[in-house]
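K.L.:
got a predicted structure plus its sequence, pasted below:
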Amino acid sequence: MKARLTYVLVVWAAVVVLPASGWAQQDPGDAAVDFGVLPTGPLGPPPCFQTTGIGGPNDPCSYLLHHLTPEEVAVGKGGQVTFQVHGGGHGLAIYQVSKTTNREDLGQFLCAGPDPATVADPALHPCNLLAANADARHVIPDGKGDVVIVAETNVTNAHPDNRVWSEPGRLMSMGGHQFLLGGSIPAGPTSNGQLITYRFLKTGRYLVICMNRTHFLNDWMFGFVNVVD
């Protein structure tokens, strides 16, 4: 009887331990990213605008607002990333890329030269407010050489006029509207403070871009999300 009681206790203990060690799901973790920078004043001395249009589409220093903070985040499989949109004219899209894809190499297919995020003087930004570059066709591969995005030539009144509209492989997009009444409709009527959340269900490396042609192609407005087990 004593031996039988010991056996029953051992089996019961194993059944109790299994859910805690083998079945319980781990918290995948979440992350938050600022999608752009909300200007609170002039972005620098002249030629930055000092009174009106601070950070607007004609401000030669507006490129300083066109980046994600942080530029790289990591979450567990099943985790979500919340992007808080700051400023106007943005649109968000997500693509999966190879694990070897990095910012410097990818940026050379957008605007060849230094990373605009590292350029303090707008005169040294090679594509600053350069419509010819933003409107041109760009074929953008990942680190393995696979084409991820094709930004076709911008044609007036084409859909959507001011967006990098590349559908193959795109996981989601938000803010793909055309210009309306002189302004764009990004992620809603206004974009300041807008929250966009995406849950990543598969491991891998993901490219998050601003679909605004000037922001992405001229100013390298993109970042990465790394999803791990």
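P.N.:
Cool, the structure landed.
K.L.:
alpha carbons only for contacts and neighbour counts from here, please
P.N.:
Fine.
K.L.:
low pLDDT regions in the protein?
P.N.:
Scanning the chain for pLDDT under 70 picks out the ranges 1-28, 156-161, 176-192.
K.L.:
the strands in it, which residues?
P.N.:
Assigned by DSSP state E, the strands in the chain fall at 31-35, 68-69, 72-76, 80-85, 92-97, 138-141, 147-151, 170-174, 179-180, 183-184, 194-199, 204-210, 222-228.
K.L.:
just the helices in the protein please.
P.N.:
In the chain, the helices defined using DSSP state H lie at 2-18, 103-107, 131-135, 213.
K.L.:
and the second one, how far out from the chain's middle?
P.N.:
On the basis of Cα atoms, centre = their mean, to the nearest Å, helix 103-107 sits 14 Å off its chain's mean C-alpha point.
K.L.:
can you mark which positions in that helix are buried?
P.N.:
Neighbour-count burial for helix 103-107 flags 103, 106-107 (criterion: 16 or more other Cα atoms under 10 Å).
K.L.:
who's in contact with it?
P.N.:
For helix 103-107, contacts defined as Cα atoms under 8 Å, 6 or more residues apart in numbering pick out 115, 140-143, 220, 223.
K.L.:
then the shortest one?
P.N.:
Taking Cα under 8 Å, 6+ apart as the criterion, the residues outside helix 213 that touch it are 134-135, 162-164.
K.L.:
circling back: now the contacts of helix 103-107: which count as buried?
P.N.:
For the contacts of helix 103-107, a burial check counting by 16+ other Cα under 10 Å picks out 115, 140-142, 220, 223.
K.L.:
quick check: of those residues, which lies closest to Ser98?
P.N.:
Nearest to Ser98 among the buried ones among the contacts of helix 103-107: Asp142, at 6.1 Å, using Cα to Cα.
K.L.:
which ones are touching the closest one?
P.N.:
Contacts for Asp142 (Cα under 8 Å, 6+ apart) come out as 97-98, 100-101, 106, 148.
K.L.:
and which of those residues is nearest to Arg199?
P.N.:
Ranked by distance to Arg199 (Cα to Cα), the contacts of Asp142 are led by Val97 at 16.6 Å.
K.L.:
neighbours of the closest one, how many?
P.N.:
22 (other Cα atoms under 10 Å).
K.L.:
please apply the same query to Gly41.
P.N.:
By the other Cα under 10 Å criterion, the neighbourhood of Gly41 contains 12 residues.
K.L.:
before we move on, back to that, of the contacts of Asp142, which pair is most distant in space?
P.N.:
The most widely separated members of the contacts of Asp142 are Thr100 and Val148, with 13.4 Å between them, by Cα to Cα.
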